[in-house]
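[1] Take this sequence and fold it.
(chains A, B and C)
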Amino acid sequence: MFNMTNQSNKEKLREFWLTLMRCDSIRKIGFQIKDVYLALFEKYNINSDKVDLTWTVLDVGIGVWLLDPDQPVSDFEHLLSSLQLPQQTPNKSCVDALEADMILLSEGMKKLFQMLQCKDMWNLFVCLETKLVNVLAGMERREMSISIHTLLHFSSVLKRNLTSLEEKAHKAAGHAFLLNSHHQLRQVLFEELKLDSYLPGKTKLAKTNVTREISTSETVLTQLLPFHPLPGILLEYRQLQKLKSTYIDGILSCVNDSYLTTHWDQTSAATGRLSSHHPNIQAIPKLPVTIKDHQTNFIVGKVNSAVEGDNVVQFNARDVFISRPDWSLLSADFQQIELRILGHLTNDPILLKIFSDKTVPDIFNALAAQWMGKCVEDVSEADREQTKRVVYSVMYGIGKEKLASYLKCTTDTAKAIMASFLLKFPAVNQFTKSCVEFCEKYGYTRTIFKRRRLFPNITHRNGALRAQAERQCVNFCVQGSAADICKAAMLQVENALASNRDIKARLLVQIHDEVLLEVADSDLNTVSGLVKSVMESEKLCGSVVSLRVPIPVSISVGKTWGQMHPLSATCNNS
DNA sequence: CGTAACGTGGTGAGG
DNA sequence: TCCTCACCACGT
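    Numbers count the residues shown, from 1 in each chain, chains lettered A, B, ... in the order given. Model (predicted):
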């Protein structure tokens, strides 16, 4: 907590800055404000379960990044040159150097103010990105509980199964080779076993992007499945290898004393999304993996996600993330946020009607019904999946060939499906066109929070590069706007928690359209109601924009991240 | 000449 | 079709 109305905190801050000045140059640690906050937390052992959002410290690096988000924030010198400031050589004295740098920075901030102001981004900078720094610093200090036991157990079981699969693969290939090497695998599959020759004449296997060789991807291996045991063994091996190396051993290497923290990067994604690393907590597998384990005998109940059946074990990597005793994990998830933003941006009457109708339980079913002229009851699961794919593909500007391979139909059918979709929702097509036209005229596109991304290739001679820029500029409007809203949601949630000091809850991670909190069991109902109402509130985006569509939030709760269930009790009176 | 350090390509996890 | 990060093999 760093409440600045508190006199002793003011003193602490002053003392902290003086220490910084004495011991180091701002070029090394001073210009990333999040790191300054973290150093402050550390030095004074501050509890950051809730942070004070009224404290505003502008970060020049983030401001510069907003001007051109494809350019990642690098070093201090680069910042200076971005702001067309002189890159003077550091003075001999440390304090002098810091003072000179501070003068440069304040000069830079003035320029930044002008540049952001005339691009209408000052509000985005101060009210969203700058406030978010406080939240991220808090999240980065909060430790998440990890079940070391589950982790070690998974690791050893996976290791056993991997060696067994490796032996099988070597036997099937006729000799030993490195299963992880695409190069060696390619040789075995296509030069020694010639598995591609078994395919019916017209079938073409996917090629690698740069070297144009036959791919060894999951898609290709699946196609080769009927002709030889090796592809099947490899698919299983790959799955387990990924699980073990990245999500079990990888996580383990980030764990300290059964607690884990991640690093949050505000400026690495050009669309404005957050990213996390070491570990990348936004890419932990969501669905459990089923493996056949011949050699293991499980003690049932000892590990909750390793359930013994007929030698079948279920692994869920998210089960290693747990809550502390008497606390639970709570996740709040925006439902179909990108699709709903498309509805808002396109202003398509049919889309708006579907989104506003709260009696429609599943949006993709309703969309499929609209699109195919069926009753909602007649829409099959396949119809729903197809509709979902078409919608997102059209949003991101897919080609008809790619769509055909996605839907496993002919290119003509894919073309017809796209055409009928665009006919049904003409505003979508119109939005795409006007987006590209705007970009051609001004060289950038904008999100609903006025975030910008530049697309210099939008007028490129090369058609492929130009087409890519066209897809990107449309994608940015949608994905970037979703990122804006998710960031705003984090601020509002943090703010709501901080203003209710007796509530025991803390924001731990963000997975793009979802936030994960740790909440004391006694406060679960209260926090659930609070978070839901804050995220669904029309005031979420403040005065920036009012959405033409509601974005419902679903709440679920559990003792581990892998076992989350909808919370039955609802609470709106807090 | 062996090894370390780094970059690149392929693959796959999430959204 | 867009955007990330992590791991592995392999070349320099």
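[2] where does A:Ile491 land in three-state SS?
    Not quite, residue A:491 is Leu, not Ile. Classification of A:Leu491 using DSSP: H, G, I helix; E, B strand; the rest coil returns helix.
[3] Who are the contact partners of the residue nearest to it when sequence neighbours are not counted?
    Nearest non-adjacent residue to A:Leu491, counting by Cβ to Cβ, 6 or more residues apart in numbering: A:Lys131, 5.4 Å away. C-beta: built from backbone N, CA, C; applies to glycine. Residues near A:Lys131 by Cβ atoms under 8 Å, 6 or more residues apart in numbering: A:53, A:56, A:491.
[4] So A:Lys131: helix, strand or coil?
    Assignment for A:Lys131 (three-state DSSP): helix.
[5] how near is it to A:Ile62?
    11 Å (Cβ to Cβ, to the nearest Å).
[6] same deal with A:Thr445?
    Distance, A:Thr445 to A:Ile62, using Cβ to Cβ: 20 Å.
[7] And for the one helix or strand A:Arg238 maps to, what's in contact with it?
    Here A:Arg238, judged by DSSP states H and E, is contained in helix A:229-242. Helix A:229-242 is contacted from outside by A:158, A:161-162, A:165-166, A:168-169, A:172-173, A:179-180, A:185, A:188-189, A:193, A:195, A:218, A:221-222, A:224-225, A:289, A:291, using Cβ under 8 Å, 6+ apart.
[8] Which members of those are classed as buried?
    A:158, A:161-162, A:165-166, A:168-169, A:172-173, A:179, A:185, A:188-189, A:193, A:195, A:221, A:224, A:289, A:291 (16 or more other Cβ atoms under 10 Å).
[9] Drop anything exposed from the contacts of A:Lys131.
    Neighbour counting with 16+ other Cβ under 10 Å marks A:53, A:491 as buried within the contacts of A:Lys131.
[10] Just checking, which of the contacts of A:Lys131 comes out lowest on pLDDT?
    Across the contacts of A:Lys131, the bottom pLDDT score, 86, is held by A:Thr56.
[11] wait, what's in contact with that residue?
    Residues near A:Thr56 by Cβ under 8 Å, 6+ apart: A:126, A:130-131.
[12] As CSV, those with pLDDT would be great.
    Formatted as CSV, the contacts of A:Thr56 follow (pLDDT from 0 to 100):
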residue, pLDDT
A:Val126, 94
A:Thr130, 95
A:Lys131, 95
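[13] List just the nearest of the residues you listed to DNA strand B.
    Of all those, DNA strand B sits closest to A:Lys131, with 22.6 Å by Cβ to the nearest atom of the strand.
[14] Could you give me the buried positions within stretch A:175-185?
    So for stretch A:175-185, counting by 16+ other Cβ under 10 Å, buried means A:177, A:179, A:185.
[15] For A:Gln479, see how far away the spatially most central residue of chain A is.
    Note on chain A: the residue nearest the mean C-alpha position is A:His512, at 4.1 Å, using Cα atoms, centre = their mean. Separation of A:His512 from A:Gln479 (Cβ to Cβ): 9 Å.
[16] Now the common contact residues for those two.
    Both A:His512 and A:Gln479 are contacted by A:Arg273, under the criterion Cβ under 8 Å, 6+ apart.
[17] which residues in the stretch 201-350 of chain A form strands?
    A:255-256, A:259-260, A:263-265, A:275-277, A:289-292, A:312-315, A:321-322, A:327-334 (DSSP state E, counting those that start in this stretch).
[18] ok, now which ones touch the residue in chain A positioned nearest to DNA strand B?
    Chain A approaches DNA strand B most closely through A:Thr208 (3.1 Å), counting by Cβ to the nearest atom of the strand. Residues counted as contacts of A:Thr208 (Cβ under 8 Å, 6+ apart) are A:214-215.
[19] Could you pull up phi and psi at it?
    phi -70, psi 160 (degrees, to the nearest 10).
[20] right, and the residue nearest to the centre of chain A touches A:Gln282 too?
    Yes: in terms of Cβ atoms under 8 Å, A:His512 counts as a neighbour of A:Gln282; the distance is 6.5 Å.
[21] Touching both of those two, which residues are there?
    A:Leu274.
[22] can you give me the angle the strand or helix carrying A:Arg160 makes with helix A:229-242?
    If you go by DSSP H and E, A:Arg160 is part of helix A:148-173. Per axes from the mean of the first three to the mean of the last three Cα atoms, to 10 degrees, the angle that helix A:148-173 makes with helix A:229-242 is 160 degrees.
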